[in-house]
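Enquirer: the sequence and its predicted three-dimensional model are supplied below.
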Amino acid sequence: MSEALRVRGLVKRFGGVLATDHADLTVLSGQCHALIGPNGAGKTTLIHQMSGSLASDAGTVVLNGQDVTTWPMHLRVRAGLARSYQITSVFQRLSVQDNLALALQTQGRGLWRWWTPASADRARFEQAAQWAERVGLSAVLDQAVGALSHGQQRQLEVAMALATGPSVVLLDEPMAGMGPDESQRMLAWLRSIKGQVSMLLVEHDMDAVFALADTVSVLVAGRVMATGSPDEVRQNPAVKAAYLGDEWGDAT
């Protein structure tokens, strides 16, 4: 199986704080790779480095065989890397359909026709409506995003990331702040797209992690301390001591 995303020796320092410490991680094509660890371990910093929103002090990022270490974020998006954010990042005053249409606008050629209204592009807005239907947001298609529930906004943000047509998507706690029903809907949707896109999933919901992940890496103090199948990681004594505890380590 080919490598969709590979990072080696990523380092990020903030003054005297070492946020990521020569982190190594490989996401295989079509797989869901979960990145777990305690608060403050450096998970979001590592995603920032992968996505290009934060420059690394050392190390390399390779996307689909191409070294993108020095590329800015927008070029990584064009090369097939998308992400969601730990804190929901959507256009609150625009409708669900408008948000999705803007995400779709990053694809293909002839997109930046400034002399024509964006609303005139019927095909793109039809695609946006199809994406809304996929994630269960058809009923609120024309509503301003600011009026939606937190869970609906999280669904929209993940849909926007996927609507850009990525080969790799970085999901930073997509179920954060969701209720049980919303989490189950998000979990079902992510499960339905497995194999269609390579995913790096950062999530504290261990039920979701072990239900979705093909591979799990554990980040502690900025360094990947273990990588393996969900069962291997769950039974790893060092991982149980550092993060999971006996409850998850003994789960079957």
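Expert: Great, that's in hand. Numbering: from 1, shown residues only.
Enquirer: how about the nearest residue to residue 13 once chain neighbours are set aside, what does it touch?
Expert: Nearest residue to residue 13, sequence neighbours excluded (CB to CB, 6 or more residues apart in numbering): residue 57, at 5.5 Å. C-beta: built from backbone N, CA, C; applies to glycine. Taking CB atoms under 8 Å, 6 or more residues apart in numbering, we find residue 57 in contact with 11, 12, 13.
Enquirer: again with residue 53
Expert: Contacts of residue 53 by CB under 8 Å, 6+ apart are residue 73.
Enquirer: pick out the residue closest to the middle of this structure.
Expert: Residue closest to the average C-alpha location in the chain (CA atoms, centre = their mean): residue 171, at 1.6 Å.
Enquirer: quick one: which of the contacts of residue 57 is nearest to residue 192?
Expert: Using CB to CB, residue 12 is the member of the contacts of residue 57 that sits closest to residue 192, with 33.9 Å.
Enquirer: and that closest one, what pLDDT?
Expert: Here the pLDDT value assigned to residue 12 is 97.
Enquirer: packing partners of whatever helix or strand it lives in?
Expert: Taking DSSP states H and E as the definition, one finds residue 12 inside strand 3-14. Contacts defined by 3 or more CB pairs under 8 Å, 6 or more residues apart in numbering; DSSP states H and E place strand 3-14 against strand 17-28, helix 43-51, strand 58-63, strand 198-202.
Enquirer: that strand vs strand 58-63, what angle?
Expert: Put simply, strand 3-14 runs at 150 degrees to strand 58-63, going by axes from the mean of the first three to the mean of the last three CA atoms, to 10 degrees.
Enquirer: residue contacts, residue 99?
Expert: By CB under 8 Å, 6+ apart, the contact list for residue 99 reads 90, 91, 145, 156, 160.
Enquirer: what does residue 203 give?
Expert: Residue 203 neighbours (CB under 8 Å, 6+ apart): 34, 36, 171, 173, 174, 175, 209.
Enquirer: got any ranges where the chain has weak pLDDT?
Expert: Counting by pLDDT under 70, the chain has low-confidence residues at 86-89, 106-121, 244-252.
Enquirer: so residue 50 touches residue 171, yeah?
Expert: No: contact between residue 50 and residue 171 fails when scored by CB atoms under 8 Å: they sit 11.7 Å apart.
Enquirer: now the common contact residues for the two.
Expert: Common neighbours of residue 50 and residue 171 (criterion: CB under 8 Å, 6+ apart): 83, 200.
Enquirer: what sits up against whatever helix or strand residue 123 lives in?
Expert: Using DSSP H and E, residue 123 sits in helix 122-134. Helix 122-134 is contacted from outside by 96-98, 100-101, 104-105, 118-119, 138, 140-141, 159, 162-163, 189, using CB under 8 Å, 6+ apart.
Enquirer: what sits against the residue nearest to the centre of the chain?
Expert: 83, 84, 158, 161, 190, 199, 200, 201, 202, 203.
Enquirer: so the strand or helix carrying it versus strand 198-202, what angle?
Expert: Assessed by DSSP H and E, residue 171 sits inside strand 168-172. Orientation of strand 168-172 against strand 198-202 (the same axes, to 10 degrees) gives an angle of 10 degrees.
Enquirer: what lies in contact with the following helix or strand past strand 168-172?
Expert: Using DSSP H and E, the helix or strand that follows strand 168-172 in sequence is helix 180-192. Contact with helix 180-192 is made by 32, 134-136, 149-152, 154-155, 158, 171, 174-175, 178, 199, 201, 205, 208, 211-212, as judged by CB under 8 Å, 6+ apart.
Enquirer: burial check on residue 95, number of neighbours?
Expert: Residue 95 has 18 neighbouring residues, counting by other CB atoms under 10 Å.
Enquirer: circling back: buried subset of the contacts of residue 57 as a ChimeraX selection?
Expert: The ChimeraX selection below is limited to those of those classed as buried (16 or more other CB atoms under 10 Å):
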select :11,12
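Enquirer: pick the one among the contacts of residue 57 closest to residue 238.
Expert: Among these, and counting by CB to CB, the member closest to residue 238 is residue 11, at 22.1 Å.
Enquirer: noted, bye for now.
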